[in-house]
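J.: Generate coordinates for the sequence data below:
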Amino acid sequence: MKRMKNIGGVDRISELPECIILQIMSRLSAKEVVRTSVLSKTWYGFKASYPPVLNFKQDRYREEPVSKFTQLVYNSLHHIGLNKLGLRAFIVALFNTTLPSDLDCWISLALENGVEELDIFPPTIRYTLPQPVFFSKTLTILNLEFCILDQPLSLFSSLRKLDFKYCHFKVPIILKNGDCPLLEEFIVYGCEYFDSVLHICNLPQLHTVVFNMVVARFMVEFVVSCQNIQSITIRDKVELLSVINIDGCNRVKFLYLLCDNMTDTQFHRLLSKLSLLEELYVFHCYTLKAIKISNPRLKTLVVSLIYKTSLEIVEIAAPSLKSFIFASDLFKPNSCRIKVADCCCSLETLVLFKYFATERAIHNLISKFPLLENLWILGFPKLQRIRVPNLQLRRLHFVRCLKLKAMKVDSPNLCEFSYTGREMPKFAVADMKASGSFKFEHETSKFWSNTFLKMLADIVGNENRDLISMIYTSVCEHPY
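T.: Numbers count the residues shown, from 1 in each chain. Next up is the predicted model:
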């Protein structure tokens, strides 16, 4: 197969949309798919996705008749079946409410072709998942939106990932010994749930659980007890969870909590069971009055309690802590104190947002961290003077400290310094490195936001986009 020549200087074949390339490949034999790799680097990359992936997003065919889209899906599935190509993934996203009857047939054909991943996104009307899906032996990934589930989840025997968004559960979520033996990720987001318990116990491969904004008629008892779980996310803004029990998850390294009604007792009981915890994110836990953390392995701590927080004190004893982000109440100055044990001397990144504290308290806090490299001071309403005596500091950012009049920075290793505010304060900065840079911007400038996003990506990882967005929004997209 010869390389297609460029037309008018444009490589037309490489510019084809992903969906078109995948449709073409789905109609080729295995030998022909291999031969397409010589066409361009783009096509060479798609060769790696063989067996084929069928990705049908109806919004890409808005200008076509519905019947043409329907026939395209049928033809593609029949071609794969006739040529015994196998099917890696079948993805369908619909916006037409007349198509769910065809969806049953498409799913059935995909299952007959040994599909490994099934992503079903029907219109906002509820779609009842066909029973054969529950008994598939080849399915390893199941992503569903706006679906009704009326069969026990324990029927899934080969799944490694279950992801439900805005689904409707007619059966209890109870997974225990022997159920879903290969399951590694379990995600529930914005679903309707009509039972009072959610139990996941003794699944040997499970490492990630996400329970996010579930709507239910009753208070739900959330119990997870799987010894190999490493990541747990619990978001409960509707004050739904009556019990949160993760006693059996003693290997958890990542914990994300957003629970409006969590008490101090519940919070500290959870933490007491997680001796291996490395990352802790606490959002919107408005009823908490004290956060006391003593953990030798904790590396990242984010506390963002915006608006109506009751927090009075944060105590930290974490010798491995590398990054600490603290965002307090936006509109109500409170007397929240941050107490850091002497053992927390390895901190490298500190972000303080709207921390209503005295100049002495802020100075004493910064002085606790001799290895500090990155310091962000954002939206301090009272701060007038500040001294930063830190020899290791490399990056220093002041954002909208509107009353700041004077600053002194004794940091010879500083290579990046920025100030955003109404008026230029008096400042004294030690000699920066030759590669260093100064930035002074007007208070309305958002130049620093990209730098802040990069810093967050370094802390939590580029792949955790939702978490980066959550932290960024809580700090950067609120008024100062």
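
J.: in the stretch 51-200 of the chain, which spans are helices?
T.: In the stretch 51-200 of the chain, the segments counted as helices under DSSP state H, counting those that start in this stretch are 66-83, 100-112, 131-134.

J.: how about these in CSV, adding mean neighbour count?
T.: For every residue, glycine as well, the C-beta is placed using N, CA and C. What follows is the helices of the stretch 51-200 of the chain, written out as CSV (neighbours: other CB atoms under 10 Å):
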stretch, mean neighbour count
helix 66-83, 15
helix 100-112, 17
helix 131-134, 16
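
J.: can you list those helices in CSV and add mean pLDDT and distance to residue 158?
T.: Formatted as CSV, the helices of the stretch 51-200 of the chain follow (pLDDT from 0 to 100; distance: least, CB to CB, whole Å):
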stretch, mean pLDDT, distance to residue 158
helix 66-83, 85, 20
helix 100-112, 90, 12
helix 131-134, 94, 11
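
J.: For those helices, could you give me CSV that also reports distance to residue 55?
T.: Shown next, in CSV, are those (distance: least, CB to CB, whole Å):
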stretch, distance to residue 55
helix 66-83, 10
helix 100-112, 12
helix 131-134, 19
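
J.: tell me the average confidence for stretch 252-268?
T.: Mean pLDDT, computed over stretch 252-268, is 90.

J.: what comes into contact with that stretch?
T.: Applying CB atoms under 8 Å, 6 or more residues apart in numbering, the contact partners of stretch 252-268 are 229-239, 241, 244, 246, 270, 274, 276-292, 467.

J.: show me the contacts for residue 317.
T.: Residue 317 makes contact with 293-295, 341, 343-344, according to CB under 8 Å, 6+ apart.

J.: 7 Å - rerun?
T.: 293-294, 341, 343-344 (CB atoms under 7 Å, 6 or more residues apart in numbering).

J.: And these, which of them are buried?
T.: 293, 344 (16 or more other CB atoms under 10 Å).

J.: The contacts of residue 317 into a markdown table, with extra columns for distance to residue 155 and secondary structure?
T.: As requested, those are arranged in a markdown table below (distance: CB to CB, whole Å; DSSP: H, G, I helix; E, B strand; the rest coil):
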| residue | distance to residue 155 | secondary structure |
| --- | --- | --- |
| 293 | 41 | strand |
| 294 | 43 | strand |
| 341 | 50 | coil |
| 343 | 50 | coil |
| 344 | 48 | coil |
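
J.: Any stretches of the stretch 151-300 of the chain with poor pLDDT?
T.: 217, 237-239 (pLDDT under 70).

J.: go again using 80 as the cut-off
T.: Scanning the stretch 151-300 of the chain for pLDDT under 80 picks out 193-196, 213-219, 237-243, 260.

J.: Tell me how far residue 359 lies from residue 162.
T.: 52 Å (CB to CB, to the nearest Å).

J.: and those two? which has more neighbours close in?
T.: Using other CB atoms under 10 Å as the criterion, residue 359 and residue 162 rank with residue 162 on top: 20 against 14.

J.: ok, now which ones touch that one?
T.: 142, 183, 186-187.

J.: Mind giving me the PyMOL command for buried ones among the contacts of stretch 252-268?
T.: Remark: buried members of those, expressed as a PyMOL selection using 16+ other CB under 10 Å:
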select buried, resi 229+230+231+232+233+234+235+236+241+244+246+270+274+277+278+279+280+281+282+283+284+285+286+287+288+291+467
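
J.: So which bits of stretch 404-416 are buried?
T.: Those buried within stretch 404-416 under the rule 16+ other CB under 10 Å are 404, 407, 409, 411, 414-416.

J.: Quick check: the two most widely separated of these?
T.: Greatest spacing in the buried residues of stretch 404-416, by CB to CB: 404 and 415 (21.6 Å).

J.: Take the contacts of stretch 252-268 and keep only those in helices.
T.: 270, 467 (DSSP state H).

J.: got a list of what the residue nearest to residue 110 when sequence neighbours are not counted touches?
T.: The shortest distance from residue 110 to any residue other than its chain neighbours is 4.0 Å, reached at residue 90 (CB to CB, 6 or more residues apart in numbering). Contact analysis of residue 90 by CB under 7 Å, 6+ apart lists 54, 110, 115, 118.

J.: Over to residue 382?
T.: So residue 382 contacts 356, 403 (CB under 7 Å, 6+ apart).

J.: What's the end-to-end length of stretch 304-322?
T.: 17 Å (CA to CA, to the nearest Å).

J.: Now that stretch: average pLDDT?
T.: 86.

J.: Next, the buried residues of that stretch.
T.: 304-306, 309, 311, 314, 316-318, 321-322.

J.: Let me have these in JSON lines, adding secondary structure and distance to residue 63 as columns.
T.: Formatted as JSON lines, those follow (DSSP: H, G, I helix; E, B strand; the rest coil; distance: CB to CB, whole Å):
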{"residue": "304", "secondary structure": "strand", "distance to residue 63": "44"}
{"residue": "305", "secondary structure": "coil", "distance to residue 63": "49"}
{"residue": "306", "secondary structure": "coil", "distance to residue 63": "44"}
{"residue": "309", "secondary structure": "coil", "distance to residue 63": "51"}
{"residue": "311", "secondary structure": "coil", "distance to residue 63": "54"}
{"residue": "314", "secondary structure": "strand", "distance to residue 63": "56"}
{"residue": "316", "secondary structure": "strand", "distance to residue 63": "58"}
{"residue": "317", "secondary structure": "strand", "distance to residue 63": "62"}
{"residue": "318", "secondary structure": "coil", "distance to residue 63": "57"}
{"residue": "321", "secondary structure": "coil", "distance to residue 63": "55"}
{"residue": "322", "secondary structure": "coil", "distance to residue 63": "52"}
